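Undergrad: one predicted model, sequence on top.
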Amino acid sequence: MRRLVFVLAATVGLAVAARGDGEWGVNYYAPFSLDYNELSRRGVDHRTAIRDDVTHLRRIGVDYIRVHCFDRQISHRDGSLAETKHLDLLDYLVATAVSNGLKTVLTPIAWYGWAPMDDVAREGFSNLATMQEFTSKRELWKLQTRFLAEFAAHTNRYTGIAYGKDPAILAFECVNEPLYPKDWPQTNVTAYIDALVEALRTGGAVQPIFYNSWNGYNAALGKSKADGASCSAYPLGLLNGRALRGPQLGRIRESTLKPDCFLSGKRRMAYEFDAADTLDACLYPAIAKMLRGEGVEFAAQFQYDPMALADVN
């Protein structure tokens, strides 16, 4: 059994032991980017892969699936939502999750374009500027706010329910891991967050709206209209380039919610967590304890690759 399935089993095992009122989930990206491309290359039907994977996640005991959407693949240059094959598959994923008793958390904007882009992805608004420009230039905010409003208002073709009204969608997270110009003022970030939150509300979103506690802008987030703060938790870091050997428990550290003195009254979510680059230590119980100590309500492990790609993960 591949390591990732083992990791998920360990994750869910700790969740059962420490569940309380929290939700435990996993990141999943079959409708988008690299996973979409690799499934296509191998001749795997995307809907079949989604059905198989969601059924597997249900059996494991996962509560929800978090998707940071590759907006390049579901948008036009003017920020309007594009009815593409990727949006169809996102609809299908949300509906398939519902039919299996799972929920979802959606992050509509990722900006990133790691995979070789097809003609659909080249049309997305994120091709027009860097992420730093999107967070700082107000004329570019209009593209994002239009996209978010239309995203929330979009009616899922398989459920007949708009994303913003779907009780099976636990929450929205405005943007994945935003970047800013160097020394960008906290007040400017608050204004940006408020614009994104208001756009989702304009589109009809009734769910909690989170913003990413990334790059030390928790003060800006604390003053914003966002309902909550989302964090990442990678105690061992990422991309060490080598396997970390031996005990690692002493390296457990705080998430990006810290310092949290600015986040009073905000809900907390871990959009990603994992213990990367080690096979020697099982740190998931300690990570769960850390996240619970920070008041995190739901947390998603990064990440579950489609079973059809397991042998080339």
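TA: Done, it's in.

Undergrad: count the residues that sit near Pro247.
TA: By other Cβ atoms under 10 Å, 11 other residues sit near Pro247. Using the backbone N, CA and C atoms, a C-beta is placed for each residue, glycine as well.

Undergrad: from Arg245, how far out is the residue lying closest to it once chain neighbours are set aside?
TA: With Cβ to Cβ, 6 or more residues apart in numbering as the measure, Ala281 is the residue that lies nearest to Pro247, at 6.0 Å, once sequence neighbours are left out. Plainly put, Ala281 is 9 Å away from Arg245 if you go by Cβ to Cβ, to the nearest Å.

Undergrad: quick one: which of those two has more around it?
TA: Legend: neighbour count by other Cβ under 10 Å for Ala281 and Arg245, higher for Ala281 (17 against 11).

Undergrad: over to Ala276. Which of the three states is it?
TA: Assigned with DSSP: H, G, I helix; E, B strand; the rest coil, Ala276 falls in the coil class.

Undergrad: just the element for the residue nearest to Pro247, please.
TA: Using DSSP states H and E, Ala281 sits within no helix or strand.

Undergrad: is it true that it touches Leu249?
TA: Yes: the pair Ala281 / Leu249 is scored as a contact, 6.7 Å apart, by Cβ atoms under 8 Å.

Undergrad: distance between the ends of stretch 177-192?
TA: 14 Å (Cα to Cα, to the nearest Å).

Undergrad: what's the answer for stretch 248-262, then?
TA: 30 Å.

Undergrad: what average pLDDT does it get?
TA: Summarised as a single mean, pLDDT over stretch 248-262 is 87.

Undergrad: return the set of buried residues in that stretch.
TA: Gln248, Ser255, Thr256, Leu257, Asp260, Phe262 (16 or more other Cβ atoms under 10 Å).

Undergrad: then stretch 26-37?
TA: In stretch 26-37, counting by 16+ other Cβ under 10 Å, buried: Val26, Asn27, Tyr28, Tyr29, Ala30, Pro31, Phe32, Ser33, Asp35, Tyr36.

Undergrad: quick one: least confident of those residues?
TA: Ser33 (90).

Undergrad: quick one: that residue and Asp71 touch, right?
TA: No: contact status for Ser33 versus Asp71: not in contact, 10.9 Å apart, counting by Cβ under 8 Å.

Undergrad: number of nearby residues for Gly79?
TA: The burial count for Gly79: 23, using other Cβ under 10 Å.
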